[in-house]
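1. Just to be clear, the model below is a prediction. Sequence and coordinates:
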Amino acid sequence: MMSHAGRMRLLMAGAGLMLMAGPAFSLDGADLVAKLNAAMGIPGAPLAAQTIDVRGSTVTLRGATYKPVETEPAVNLGDITLEGVEEDAGGYVIEKVLFPNVNAAEDNTTVTISDISMSNVTVPADTTGDSLASVLLYEEASTGPMTVTVDGKEVFSVASSVSTTDVADDQSAVGFAIDVQGIRADLSTVEDVKSRDALQSLGLTALNGSMTMSGSWQAEEGVVDLEEYVFDFADVGTLSMALSFSGYTMEFVRAAQEATKAMDTNASKESQDAAGLAMLGLMQRLTFNSAEISFQDAGITNRALDYAGKEQGVSGENMAQMLKAMTPMMLAQYNVPKLQNMVSEAVNTYLDNPGNFTISAKPENPVPFPMIMGAAMGAPNTLPDVLGVTVEANRRQ
């Protein structure tokens, strides 16, 4: 049997090994912040902290500040807590990021935001790769209630917001979604008397609604599909948008970041012009696939016709007839007879029975942005055909 002295020597040796091994396994808070800044793609070090406190797998950035533009003052964030931090192939995985509540006041305006957090954040070790493994990503970001008050009166608020992402197993694509609920805006505080009277006539003393968005980005192919971008407001209507384009690769993203850095770090006119030309050149790498914008009426159209008619001394029905007659005359000057007929027919259908109004652009084949720009400058009347534009009213959803 091992003697008491032998057991003590063994325990002391084990303790010594643990103490020597400890620093090798502890988190490097400074490296974590440095990699976070590198992944943001913003000049300098936008995220900073007075002190970085590392305790086990929890990292606290005390007195954190954020400065996205070097020439602008930094924004004080307070203490940010990162829980469940682990190293991962030179990068980091963060289980939870907790931000302090916001209570910012300037002049007579106060903004408050509570319950701000992010979960399952991945910080890349290297930001120069060709896949999403080199991009700062998160699984979910959310906030609780947000309010904006002016002179003590609440003028805007949001009940909650949630943003989620879903990365493909091979890191080639990411899906994203945003859900903002309980949007409320008090329009009775509009100072201009005429505008306030108009809003009251339209029944818009307040807006209540939501915003949702969803889509995907195939990083390797550079395809961005904004499948749904919807604003839905009670007693007004629903505005829906969709967009798809190609060419938005990792190489494009980095080139755009470099151009942005050049604009932020050098304010001279020559540098700004050069960066602007670089951005214009980048836009020519993109290809247009499709787009659509649609409005589903929830009562605002007839109220708008009544108001506009009252201003002209006629009824809302007569105002609708006037608009029907004006539409083809207004479009005739653009020399697009096919589009003119489509729009006129759609306007007539919609004004007779407000339902939905949809404008779509779906070319037979994707159209490079330079071709669109060339048509817009040289022969704008050909754009509807180039983009495959259609206009419809009261389409079945």
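-> Here it is on my side, so go on.
2. Low-confidence regions, the stretch 201-350 of the chain specifically.
-> Where the stretch 201-350 of the chain drops to pLDDT under 70, the residues are 263-269, 271-272, 275.
3. hey, where'd the helices end up in it?
-> Ranges of helices in the stretch 201-350 of the chain, per DSSP state H, counting those that start in this stretch, are 250-265, 269-283, 300-312, 316-332, 337-352.
4. For the stretch 151-300 of the chain, just list every one of the strands.
-> 153-158, 160-167, 173-186, 206-218, 223-233, 237-246, 287-297 (DSSP state E, counting those that start in this stretch).
5. Just the buried residues of the second one, please?
-> Same thing as strand 160-167. Ser161, Ser163, Thr164, Thr165, Val167 (16 or more other C-beta atoms under 10 Å). Glycine gets a C-beta too; all of them are placed from N, C-alpha and C.
6. From Thr122, how far off is the last one?
-> This means Val167. Distance, Val167 to Thr122, by C-beta to C-beta, to the nearest Å: 8 Å.
7. what do the two both touch?
-> Leu137 (C-beta atoms under 8 Å, 6 or more residues apart in numbering).
8. Could you list the domains of the chain?
-> 16-88, 101-220, 233-248+286-397 (automatic domain parsing).
9. Relative to Glu270, which of the ones you listed is closest?
-> Taking C-beta to C-beta, domain 16-88 is the member of the domains of the chain nearest to Glu270, at 17.3 Å.
10. Report the distance from that closest one to the chain centre.
-> 25 Å (C-alpha atoms, centre = their mean, to the nearest Å).
11. quick one: average pLDDT of that domain?
-> Domain 16-88 shows a mean pLDDT of 83.
12. Spit out the contact partners of the nearest residue to Ser161 once chain neighbours are set aside.
-> Nearest non-adjacent residue to Ser161, counting by C-beta to C-beta, 6 or more residues apart in numbering: Val180, 4.5 Å away. Residues near Val180 by C-beta under 8 Å, 6+ apart: Val158, Ser160, Ser161, Ser210, Met211, Thr212.
13. tell me which element Val97 falls in.
-> strand 91-99 (DSSP states H and E).
14. burial count for Ala39?
-> As a burial measure, Ala39 scores 21 neighbours (other C-beta atoms under 10 Å).
15. my guess is Val135 contacts Gly41, does it?
-> No - between Val135 and Gly41 there is no contact under C-beta atoms under 8 Å: 9.3 Å.
16. between those two, what contacts are shared?
-> The contact sets of Val135 and Gly41 overlap at Thr127 (C-beta under 8 Å, 6+ apart).
17. if I look at Arg396, how far off is Ala298?
-> As for Arg396, its distance to Ala298 is 17 Å (criterion: C-beta to C-beta).
18. between those two, which one's more packed in?
-> Higher neighbour count among Arg396 and Ala298: Ala298, with 15 against 6, using other C-beta under 10 Å.
19. Return the residues in contact with the closest residue to that one other than its chain neighbours.
-> Once flanking residues are discounted, Ala298 sits nearest to Gly237: 4.5 Å by C-beta to C-beta, 6+ apart. Neighbouring residues of Gly237 by C-beta under 8 Å, 6+ apart: Phe295, Gln296, Asp297, Ala298, Gly299, Ile300, Thr301.
20. Widest-spaced pair of the residues you listed?
-> Largest separation among the contacts of Gly237 by C-beta to C-beta: Phe295 and Gly299, giving 12.3 Å.
21. So which of the two has more stuff around it?
-> More crowded of Phe295 and Gly299, by other C-beta under 10 Å: Phe295, with 21 against 14.
22. Return the distance of that one relative to Val230.
-> Phe295 sits 11 Å away from Val230, going by C-beta to C-beta.
23. what touches both of those two?
-> Counting by C-beta under 8 Å, 6+ apart, the common neighbours of Phe295 and Val230 are Thr238, Leu239, Ser240.
24. so which of those residues is the most crowded?
-> Ser240 (19 neighbours).
25. OK, contacts around that residue?
-> So Ser240 contacts Glu228, Tyr229, Val230, Glu292, Ile293, Ser294, Phe295, Gln296 (C-beta under 8 Å, 6+ apart).
26. How about the contacts made by the fifth one?
-> By C-beta under 8 Å, 6+ apart, the contact list for Ile293 reads Leu239, Ser240, Met241, Ala242, Thr358, Ile359.
27. again, only using 10 Å
-> Residues in contact with Ile293 (C-beta atoms under 10 Å, 6 or more residues apart in numbering) are Tyr229, Leu239, Ser240, Met241, Ala242, Leu243, Phe357, Thr358, Ile359, Ser360, Ala361.
28. which residues pair with it across the strands?
-> Taking DSSP bridges as the rule, Ile293 bridges to Met241, Ile359.
29. Please report the distance of it from Gly215.
-> Distance, Ile293 to Gly215, using C-beta to C-beta: 15 Å.
30. Pretty sure Ser119 sits in a strand.
-> Yes - under DSSP: H, G, I helix; E, B strand; the rest coil, Ser119 sits within a strand.
31. What is the burial count for the closest residue to it other than its chain neighbours?
-> Leaving aside its chain neighbours, Ser119 sits nearest to Glu140 (4.8 Å; criterion: C-beta to C-beta, 6+ apart). By other C-beta under 10 Å, 15 other residues sit near Glu140.
32. what bridges to Glu140?
-> Applying DSSP bridges, one finds that Glu140 bridges with Ser119, Thr164.
33. can you start the count at 11 instead of 1 from here on
-> Got it, first residue is 11 now, which makes that one Glu150.
34. ok, it - contacts?
-> Lys106, Ser127, Met128, Ser129, Asn130, Val131, Val172, Ser173, Thr174, Thr175, Ala187.
35. Pull up the gap between the third one and Lys204, please.
-> It stands for Met128. Separation of Met128 from Lys204 (C-beta to C-beta): 44 Å.
36. same thing with Tyr102?
-> Separation of Tyr102 from Lys204 (C-beta to C-beta) stands at 55 Å.
37. So for these two, which residue has more residues nearby?
-> Tyr102 (23 against 8).
38. Show me what that one is bridged to.
-> Beta-bridge partners, per DSSP bridges, of Tyr102: Glu97, Val133.
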